[in-house]
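Enquirer: Sequence and predicted structure, then a few things I'm wondering about:
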Amino acid sequence: MVISSNLQYRSAWLAIVAGLAILFSRLGSAPLLAATSATPLPTITCIVDLEKLTQEEAAKGHPVQLRGQTILYDLSWRMLFLRDETGTLFIELPGGAPLVANGFMVTVSGRTGFVNHHPVVLNPRITPLAQGMELPKPVVPKRIEDPAYRYQMVEVGGVATRLTPIDNHLWIDVQLSPRVEANVLIPNVELEKLPELINAHVGLVGLRTDVQTEADGQTRVKIFLQSIQQLTTWRQGAAPSFSQAPTPISQLQFLREDPFSAPERLMRVLVSGRIAAYKAGAWIDLQDKTGTLRLATEQPRLGGVGAELQVAGFPRLDAQGKPTLHAAIYYNPRTMGRIPGEAATLNLLTNIATIRRLSAAEAGQ
């Protein structure tokens with residue numbers, strides 16, 4: 001048994017989380033500031049006025065004096081999402097910023113700048129005021145990729161297909177529909193206490209930030225959770241078993257007929273057939289009596305044309321709008337399942353504790 005190595009983790013999640021202004025100064029773009037003018041510049045006092053600034057205006061260094069509520073405040077990731085009556089803004093927290101609870105009223109002062117196509121607050125100074133109003137209740141979006149949900153707290157459900165621990169933080173990929181995947185970041189997680197998540201139907205409450213449509217046809221939505229308590233496991237799917245009855249390939253056509261399929265229909269399935277065609281390290285066409293399924297895979301050796309193959313993976317649509325499986329595990333019954341794999345992809349199978357145990361065993365530790 002082996003796991004597809006097409007894992008593409010978000011190596012710059014700090015830049016992706018906000019998708020607009022986050023960490024632009026770290027990415028090497030120098031803020032643009034004009035020389036001091038004889039005429040005092042007007043002060044920016046609300047978020048909507050800041051966001052309307054052109055590059056030329058923002059680069060002049062207008063004084064900023066914002067007052068609003070902290071929707072999400074996280075010192076470990078240096079992130080502040082501030083809400084006032086006119087909108088919500090991401091602000092990168094400076095070193096030495098005070099510890100502030102979510103929901104507090106604060107003032108933010110600084111100067112405007114323009115970095116990577118967006119007006120920002122440079123050198124912000126955060127001053128806590130008092131406990132604010134109740135935080136906004138999460139919304140259940142009809143289409144989470146809609147721009148109307150930018151920087152809103154949302155409540156969504158899907159199937160957890162992949163998880164990646166980095167230090168004490170956790171990334172989870174959650175398939176929300178055949179075309180939409182959520183990339184979820186949870187900071188400060190006690191990894192050893194995690195429940196089984198892979199192939200579980202989970203619920204999330206978090207801040208929706210960036211959205212990207214990528215070459216594989218998937219729309220990826222970034223969601224930041226404040227804690228693991230904002231994740232709920234509704235239903236745990238079965239572990240992969242190559243002895244179970246396979247699903248006919250033709251049954252995966254529901255993905256095309258129902259592009260907003262309920263998450264429980266996106267849980268892992270097993271298909272079985274023979275390799276009809278392949279391009280080594282790129283894709284294979286798996287064929288059974290009911291149809292053919294193209295699978296993207298970087299595996300160099302899965303067998304030649306006519307070889308038997310079983311694949312356990314998560315249903316979704318590819319860039320051409322055709323059914324496929326991702327985060328796939330391959331099994332070749334004629335070779336006892338010994339197809340080359342990588343220890344790093346063991347996280348497609350189970351929880352953190354087992355990942356570490358299997359990784360250590362594979363490394364000979």
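Expert: In hand now; what should we look at? Numbers count the residues shown, from 1 in each chain.

Enquirer: Thr112 falls within a strand, correct?
Expert: Yes - secondary structure of Thr112 (DSSP: H, G, I helix; E, B strand; the rest coil): part of a strand.

Enquirer: so it sits right up against Lys52, yeah?
Expert: No - contact criterion Cβ atoms under 8 Å: Thr112 and Lys52 do not qualify, at 11.2 Å. Every C-beta, even on glycine, is put in place using the N, C-alpha and C of the backbone.

Enquirer: which one of these two has more residues nearby?
Expert: Thr112 (25 against 12; other Cβ atoms under 10 Å).

Enquirer: dump the residue contacts of the more buried one.
Expert: 44, 50, 53, 57-62, 64, 119-122 (Cβ atoms under 8 Å, 6 or more residues apart in numbering).

Enquirer: In strands, which of these appear?
Expert: Val64, Pro119, Val120, Val121, Leu122 (DSSP state E).

Enquirer: Identify the bridge partners of the second one.
Expert: Taking DSSP bridges, one finds Phe114 as the beta-bridge partners of Pro119.

Enquirer: Out of the ones in strands among the contacts of Thr112, flag the one nearest to Gly304.
Expert: Val120 (55.0 Å; Cβ to Cβ).

Enquirer: So the closest one sits against Arg111, correct?
Expert: No - if you go by Cβ under 8 Å, Val120 and Arg111 don't touch, sitting 9.7 Å apart.

Enquirer: Pull the number of nearby residues for the closest residue to Asp84 other than its chain neighbours.
Expert: The spatial neighbour of Asp84 that comes closest, neighbours along the chain excluded (Cβ to Cβ, 6 or more residues apart in numbering), is Gly68 at 3.7 Å. Gly68 has 24 neighbours, counted by other Cβ under 10 Å.

Enquirer: doesn't Val100 make contact with Gly68?
Expert: No - look at Gly68 against Val100 with Cβ under 8 Å: they stay out of range, at 11.8 Å.

Enquirer: Now name the helix or strand holding Glu155.
Expert: strand 153-166 (DSSP states H and E).

Enquirer: let me redo that: Val100
Expert: With DSSP H and E as the test, Val100 turns up in no helix or strand.

Enquirer: Could you measure from Lys322 over to Leu266?
Expert: Look at Lys322 and Leu266: by Cβ to Cβ, to the nearest Å, they are 16 Å apart.

Enquirer: quick one: which of those two has more around it?
Expert: Legend: neighbour count by other Cβ under 10 Å for Lys322 and Leu266, higher for Leu266 (23 against 15).

Enquirer: pLDDT score assigned to the more buried one?
Expert: Reported pLDDT at Leu266 in the predicted model: 91.

Enquirer: these two touch, right, it and Pro315?
Expert: Yes - between Leu266 and Pro315 a contact is recorded at 5.7 Å, counting by Cβ under 8 Å.
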